[in-house]
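this is a predicted model, with the sequence first.
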Amino acid sequence: MATETIQVEGYAQLMRAFARANKESRRYIRETLKEVGFAVQRDAVRRMSPISSKSAAGYKVSVRQRGVEVRQSLRKTTGRHPEFGALQMVRVLLPALADNEVRTEREMELALDRVSAHFNGGVA
């Protein structure tokens, strides 16, 4: 499977440290980091809509221990088109990430600043 990532140095350690925070703070962190993936998700939906509006509606943003990801949440329906997953990666998801790389990096920095301000000052 082809994967493309934007590396954030220290992200895994940061997420492990946040795991010790209270439930409300963890929810705030997840929601703030989730916003980072929305630009890529919107671009992926725009690219996929002419091909399959159903598949386009299945793109979701999720926050994991290893990072923020845009993924297809729909399950395979028939399996008759094994190349469809590759098509989504090559023609939709990877180009959406590449085109939004600078914006995503900037939004990740801003999100981490908001999370830091939330913990340091109690205000986002």
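Cool, the structure landed.

on the three-state scheme, the residue located most distally from the centre of the chain is what?
Taking CA atoms, centre = their mean as the measure, the residue most remote from the mean C-alpha position of the chain is Arg80, 28.1 Å away. On the three-state scheme (DSSP: H, G, I helix; E, B strand; the rest coil), Arg80 is labelled coil.

from Met15, how far off is Arg66?
Distance check for Arg66 against Met15: by CB to CB, to the nearest Å, it reads 8 Å. The C-beta positions use only the backbone N, C-alpha and C, and glycine is treated the same way.

swap that for Gln65, sorry
Gln65 sits at a distance of 5 Å from Met15 (criterion: CB to CB).

between the two, which one's more packed in?
Met15 (18 against 10; other CB atoms under 10 Å).

return the distance of stretch 15-26 from the chain's centre.
19 Å (CA atoms, centre = their mean, to the nearest Å).

and the contacts of it?
Residues outside stretch 15-26 that contact it (CB atoms under 8 Å, 6 or more residues apart in numbering) are Ile29, Gln65, Val115, His118, Phe119.

just the strands in this protein please.
For the chain, the strands defined by DSSP state E cover 59-64, 67-72.

least reliable of those going by mean pLDDT?
Of all the strands of the chain, the minimum mean pLDDT falls on strand 67-72 (a mean of 88).
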